[in-house]
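Asks: How does the following fold in three dimensions:
(chains A, B, C and D)
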Protein chains: 4
Amino acid sequence: MKFNLGCLLAYDILQPSTLIFNIRPYNNNHQKIEQETLEITPQIEIEANSSQPDKENRYFRVNANPGKLEINYRATVESFPLHKEASNIIEIPPAELPLKILPYVLPSRYCQSDQLIQLADSEFGTLLPGYSRVQGICNWIYEKVTYLAGSTNSQTSAYDTAIERAGVCRDFAHLGIAFCRAMNIPARFVGGYAYGLTPPDFHAFFEAYLNNEWYLFDATRLVPLTATIRIGTGRDATDVSFATIFGSVQMQQMKVFIEPVSEQNTTPPQTFMPTTDAIATC
Amino acid sequence: MKFNLGCLLAYDILQPSTLIFNIRPYNNNHQKIEQETLEITPQIEIEANSSQPDKENRYFRVNANPGKLEINYRATVESFPLHKEASNIIEIPPAELPLKILPYVLPSRYCQSDQLIQLADSEFGTLLPGYSRVQGICNWIYEKVTYLAGSTNSQTSAYDTAIERAGVCRDFAHLGIAFCRAMNIPARFVGGYAYGLTPPDFHAFFEAYLNNEWYLFDATRLVPLTATIRIGTGRDATDVSFATIFGSVQMQQMKVFIEPVSEQNTTPPQTFMPTTDAIATC
Amino acid sequence: MKFNLGCLLAYDILQPSTLIFNIRPYNNNHQKIEQETLEITPQIEIEANSSQPDKENRYFRVNANPGKLEINYRATVESFPLHKEASNIIEIPPAELPLKILPYVLPSRYCQSDQLIQLADSEFGTLLPGYSRVQGICNWIYEKVTYLAGSTNSQTSAYDTAIERAGVCRDFAHLGIAFCRAMNIPARFVGGYAYGLTPPDFHAFFEAYLNNEWYLFDATRLVPLTATIRIGTGRDATDVSFATIFGSVQMQQMKVFIEPVSEQNTTPPQTFMPTTDAIATC
Amino acid sequence: MKFNLGCLLAYDILQPSTLIFNIRPYNNNHQKIEQETLEITPQIEIEANSSQPDKENRYFRVNANPGKLEINYRATVESFPLHKEASNIIEIPPAELPLKILPYVLPSRYCQSDQLIQLADSEFGTLLPGYSRVQGICNWIYEKVTYLAGSTNSQTSAYDTAIERAGVCRDFAHLGIAFCRAMNIPARFVGGYAYGLTPPDFHAFFEAYLNNEWYLFDATRLVPLTATIRIGTGRDATDVSFATIFGSVQMQQMKVFIEPVSEQNTTPPQTFMPTTDAIATC
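Replies: Below you'll find the predicted structure:
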């Protein structure tokens, strides 16, 4: 599946500030950047390769002087989602978990899985282990939590959402992650582009580590899993903000877009049907 | 400075369980393991090298069957703390921070620095930047927070300690880290052995990233910085637990010891005087 | 039903301190004190009638000097629980609620009903209004929350218990109250004596305002409702502590007892069967 | 001092709803209602006297059908603030506190004084007891907390404000109350009209119980204490909402006004100077 996508971000910089952006998709075997352009106005040089060594997040840093700042990013990206038969996908017990995965089974700022163990165990403890259990977690969230724009803020965590039962995509992802970790299933936050959101925006979903791969989940059911392009992953939203800002800055404008590319030999957009396949992402 | 140190940990394993231990000190240029023995009873094979790729933590995993489990670790470790002149140690602004350090300036499970920005700014915003500002943070904590065994639990976070003003070494470290991050100074949690604690126990302190190095701080003032041996580092205590347990386990016994080795040509123990030097750890 | 009951409370008073006790049962039409003795050692005069004007709580205040303090209370109390047919008991809508009842539908320290509205509505919103809905709330709590001594502390609130799913009688009562209020059903905390607890202790339960009366509920199912004697009521545990302490005091001993009085013409103890009747308390 | 004051509140009632308003000032010796009119459109009969027995709050309840609802209240009120010499005003120790005052020294929904004891003690424990200590608390809040419209929401409590250091009048009052209670000084929330607010709005301040009277405090310093008219009091904002709503309602408009009445023999408005007198309110 191929998409044209991108975003326009405009800021007023009030004092010299540093902005670390995370808006460019991953570029790996499962998701190829065919072409991309990044325009920064005024022109500011950025480091060639700003990634963290252990992650594929393609951060770039802008050290901006007072005045306007505009980030204009466009790319054509082809995704090759791996469809797997869900019933074969097993959980990896802590006894066999690669240790580099350990951080994703521990609690984090917005995913206090240590406090949700009793709740998770009583709701999901009797479900069959495997892909379907994480689906069960997503179903629970979808049924019990109301998607309500503006109902939460940047301090809202999974603990709050488990109680208050309202939130946005970020909150749905945090709760899914926290429940997984409470069941000893590693899970991480994913930020990305998603085709079909109204209004268009960045989207948040999550991945669970099953069968020694990462599988995509989205408890909001707002878009098909195959209509998403991953930007970055981390322990929770703290690690995958589209803009981490140090300084004094006001956002003036934000536009996000993603459209399928209609070519010959390409599946047309109308085929973004919900799938019952599991989607592996790396 | 050379130490004999170690610990004895005994558990009742009630069901097959996985325990990931983090009790062996770092082994690098600043801290050399001269010799060490690790006995696990009953004998259980562990992976040769269980470290996470980006960290020097020397985790080892024990998959234990029901019954008794005893971990007996002993080592002789020599530390080479780097003494630096504190007044030369500057803060690294976000504009120049290596991106691999970014996670340590973001909030985490127990260090909600995003919620402490106003407080940190009003208390520490007018202090001179640099090593002395982090010392100012430690002084604030030492003066305002009461060290009180049993006053907190595994869910207590920096947010709570900033209000409730009582805690143990782990809480002191979390608050120091959270304040540093709220001031855009990267900081991380350190678990270790420390000579002089009564009763002997594992100790928690923290490091701040200054001058492109990590410097050691301990707001408890319980031991001299040079009398510590580092076991591991992480974003907060979640990453540096001496035992992360998956399963059903009861601790039966825990003994921790550390003693300076008195050799000819070795500084005798009585020289562990508080120092005004900054101590760099890597 | 007639009971002999009482308590022995012993303290070390470290500095001149004020203790406000709430250990004497209500004395009204539904619960008659036949006789009672209150011994305070050393002998300290207390006010004759220390009640708050709008409540039947029989507080007494002790201004104690350093040294030992012992409170010894014994009473014989007969209770006349009103058995009602549960199916006739309706909810009183806010449109008709006496305004003096208003405080009991608002949130309080330990019962943050404002934060539980979504959860309560999704779990109990489709239940038939009336007595049976409050029973449904109690069933939910009984089934989902584990009674676990020592799992909570004096800061634990209904918000926490709704998530963490473990607690003691006080936490069960707070959660029941919070859920009721979230459904616009007034509810209040009740402290009392209860026959059949192991080990003997003060007990906490709650009342909901239905049908223009207060009805008793206990989500712990530890004792039959008819085996309880009420000491006091309030918005939550803050108002009904058996001892509110100002000063520096250490508890040395606490004994609570309650036994049915076996007289001729008195129902023998073995008849404390769970009842399906609703029990009105005033 | 005489004021014309009032408010206009307009709502869309979406379903049959109950609204309990608390917008009419107290009418007692210290504050006389000279005249008042209350128009409800559409015309709805309200109970003649809806007050709670133990409070002077003049609630009125509106049971509204779907459609528009408009509340129009106007009054002329004369206040007779009692000026007292601050240095004579003492704290009443718990040993002598009337028991009807006890609820105001206990924690409540938004004033978790039990969690602020250490902080209050370290900041205010060495201040001289009496009126000046409560002034010290207000000064601390004024200096450390930023008044910032929109920075908080209906769930923000004193615990949060003590950390996050930003809020509005309601948050300033909650923190003042919580600190007082943590020092064993009874304190309660006051809602009222206040002359000089920009934009005009209801105001929140607080009272502390000293010298067996209630004294007015306002840590926001937005208006002189003598330029306020009290509507109601309670344990915190839960009890003194200008509108407690049960049902489905959208606010359409809210206007609040208060102007001094310029008559002969009346102090002209320009004399609302900050006073160093203590102001007793009842």
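Asks: hey, C-alpha coordinates of stretch A:222-236 in PDB?
Replies: Taking C-alpha atoms only, stretch A:222-236 is exported to PDB below (Å, rounded to 0.1, in the frame of the first residue of the first chain):
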ATOM      1  CA  LEU A 222     -11.000   4.500  14.000                       C
ATOM      2  CA  VAL A 223      -9.000   3.300  11.100                       C
ATOM      3  CA  PRO A 224      -8.000  -0.100   9.700                       C
ATOM      4  CA  LEU A 225      -4.600  -1.300  10.900                       C
ATOM      5  CA  THR A 226      -3.400  -1.500   7.300                       C
ATOM      6  CA  ALA A 227      -4.100   2.200   6.700                       C
ATOM      7  CA  THR A 228      -1.400   3.300   9.200                       C
ATOM      8  CA  ILE A 229       2.200   4.400   8.700                       C
ATOM      9  CA  ARG A 230       4.400   4.300  11.700                       C
ATOM     10  CA  ILE A 231       6.500   7.300  12.700                       C
ATOM     11  CA  GLY A 232       8.000   6.200  16.000                       C
ATOM     12  CA  THR A 233       7.800   3.900  19.000                       C
ATOM     13  CA  GLY A 234       8.600   4.300  22.700                       C
ATOM     14  CA  ARG A 235       7.700   3.300  26.200                       C
ATOM     15  CA  ASP A 236       4.700   5.700  26.000                       C
END
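Asks: what residues are up against the residue of the stretch 101-250 of chain A found nearest chain B?
Replies: Closest to chain B within the stretch 101-250 of chain A is residue A:246: 3.8 Å, counting by CB to the nearest CB. Backbone N, C-alpha and C define where each C-beta goes, glycine included. By CB atoms under 8 Å, 6 or more residues apart in numbering or on different chains, the contact set of residue A:246 is A:17-20, B:93-95, B:184.
Asks: How about the residues of the stretch 101-250 of chain A by chain C?
Replies: Contact residues, the stretch 101-250 of chain A versus chain C (CB under 8 Å from any CB of the partner chain): A:115-116, A:118-119, A:122, A:144, A:146, A:159, A:162-166.
Asks: hmm, which of those residues are the buried ones?
Replies: A:115-116, A:118-119, A:144, A:159, A:162-166 (16 or more other CB atoms under 10 Å in any protein chain shown).
Asks: count of residues packed around residue A:281?
Replies: 21 (other CB atoms under 10 Å in any protein chain shown).
Asks: Likewise for residue A:143?
Replies: Quick note: residue A:143 (other CB under 10 Å) scores 9 neighbours.
Asks: Under a three-state scheme, what state does it occupy?
Replies: helix (DSSP: H, G, I helix; E, B strand; the rest coil).
Asks: returning to that earlier point: quick one: the contacts of residue A:246 as a markdown table, columns for neighbour count too.
Replies: As requested, the contacts of residue A:246 are exported to a markdown table (neighbours: other CB atoms under 10 Å in any protein chain shown):
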| residue | neighbour count |
| --- | --- |
| A:17 | 20 |
| A:18 | 19 |
| A:19 | 21 |
| A:20 | 20 |
| B:93 | 15 |
| B:94 | 22 |
| B:95 | 14 |
| B:184 | 19 |
